[in-house]
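S.K.: have a look; sequence and predicted model below, questions after that.
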Amino acid sequence: MHNSRQLTLQRSIRYFFAALFWIPITFFSLLLVKNTLPYFSFSQNFSFIEERAVLFLKPIYKYSFYTHIFAGMFCITAALTQFSSYILKKRKAIHIWMGKIYVLVVLVLGAPTGLYMSFFGKGSFWERILFMFMAMYWFYTTTKGLQAIKQKNVLAHKNWMIRSYSMAMTAVTFRVYHIFFYYFGVDHLHNYEISLWISVLGNMLVVEFLIFRKSRSYLKTFYTSAN
């Protein structure tokens with residue numbers, strides 16, 4: 001009885017912290033999608049477009065931009081279904097097909113257009129290098145995730161796809177940091193640069209920490225069952 005109560009308590013605590021993690025992620029992800037949709041009116045009256053008016057005269061840049069924001073918007077939304085234990089257990093077909101579409105969109109649309117646009121990224125030389133890294137790392141982690149599941153290595157697949165998702169989520173975390181620093185009076189350019197670096201490096205560090213913790217729990221379970 002005592003063990004049963006302890007397990008129930010541990011499960012409740014786990015669900016509580018999972019909710020603390022996923023509720024804000026879901027909220028800000030859907031908010032980003034909501035704020036991105038107006039771009040598909042193809043109006044030129046957006047500050048991002050106005051700042052890059054000369055670039056938008058080039059069809060390749062213009063099409064890359066709309067393709068990239070569509071890919072990002074789709075991937076952020078689709079990824080929310082990929083980490084749902086309910087969908088994975090009860091609606092596995094949704095997980096598989098949404099995963100296939102996610103991989104296709106990243107490898108064919110999101111990462112290539114992101115790499116192209118990185119050459120014209122806002123900020124200094126180092127911010128452009130960071131954008132290039134993001135695009136290549138997004139492509140690489142997604143490819144590794146695909147290879148892992150083809151080899152039936154579910155754990156490696158999950159870890160690589162979490163890394164892939166962390167790059168898609170930079171679009172969300174960047175805006176959260178940007179708002180935070182804005183209220184502390186950081187000027188626009190420095191705010192942009194700081195938010196970008198913290199978003200990318202922060203997402204990577206958080207993901208590696210989560211993977212490390214999960215790996216420890218898997219090892220603990222394995223050794224407990226072995227003994």
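M.R.: Received the coordinates, thanks.
S.K.: show the subsequent helix or strand relative to the worst-scoring helix or strand of the chain on mean pLDDT.
M.R.: One helix or strand of the chain scores below all others by mean pLDDT, DSSP states H and E: helix 2-36, with a mean of 66. Next along the chain after helix 2-36, taking DSSP states H and E as the criterion, comes helix 47-51.
S.K.: contacts for that next one, please.
M.R.: Around helix 47-51, the neighbours that count as contacts under CB atoms under 8 Å, 6 or more residues apart in numbering are 44, 56, 122. (Each C-beta comes from the backbone N, C-alpha and C, glycine too.)
S.K.: can you redo the residues you listed as JSON lines with distance to residue 75 and pLDDT?
M.R.: Listed next are the contacts of helix 47-51 as JSON lines, based on distance: CB to CB, whole Å; pLDDT from 0 to 100:
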{"residue": "44", "distance to residue 75": "26", "pLDDT": "87"}
{"residue": "56", "distance to residue 75": "23", "pLDDT": "92"}
{"residue": "122", "distance to residue 75": "21", "pLDDT": "86"}
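S.K.: same list (the residues you listed) but as CSV, adding neighbour count and distance to residue 135.
M.R.: Formatted as CSV, these follow (neighbours: other CB atoms under 10 Å; distance: CB to CB, whole Å):
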residue, neighbour count, distance to residue 135
44, 9, 25
56, 15, 20
122, 14, 15
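S.K.: Throw these into JSON lines and include distance to residue 152, thanks.
M.R.: Compiled in JSON lines, these are given as follows (distance: CB to CB, whole Å):
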{"residue": "44", "distance to residue 152": "49"}
{"residue": "56", "distance to residue 152": "45"}
{"residue": "122", "distance to residue 152": "42"}
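S.K.: closest to residue 141 among those?
M.R.: residue 122 (24.1 Å; CB to CB).
S.K.: for that closest one, which three-state class applies?
M.R.: coil (DSSP: H, G, I helix; E, B strand; the rest coil).
S.K.: so who does the nearest residue to it once chain neighbours are set aside touch?
M.R.: With CB to CB, 6 or more residues apart in numbering as the criterion, residue 122 has its nearest non-adjacent residue at 6.5 Å, and that residue is residue 192. By CB under 8 Å, 6+ apart, residue 192 lies in contact with 122-123, 178.
S.K.: what strand or helix carries residue 192?
M.R.: Counting by DSSP H and E, residue 192 is found in helix 188-226.
S.K.: buried residues in that helix?
M.R.: 191-193, 195-200, 202-204, 207, 211 (16 or more other CB atoms under 10 Å).
S.K.: same thing with stretch 71-89?
M.R.: 71-83, 87.
S.K.: and if you look at stretch 46-66?
M.R.: For stretch 46-66, using 16+ other CB under 10 Å, the buried residues are 49, 52, 61, 64-65.
S.K.: I'd like the residues you listed laid out as JSON lines, including distance to residue 132 and pLDDT.
M.R.: Listed next are those as JSON lines, based on distance: CB to CB, whole Å; pLDDT from 0 to 100:
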{"residue": "49", "distance to residue 132": "22", "pLDDT": "89"}
{"residue": "52", "distance to residue 132": "18", "pLDDT": "89"}
{"residue": "61", "distance to residue 132": "16", "pLDDT": "95"}
{"residue": "64", "distance to residue 132": "14", "pLDDT": "95"}
{"residue": "65", "distance to residue 132": "17", "pLDDT": "95"}
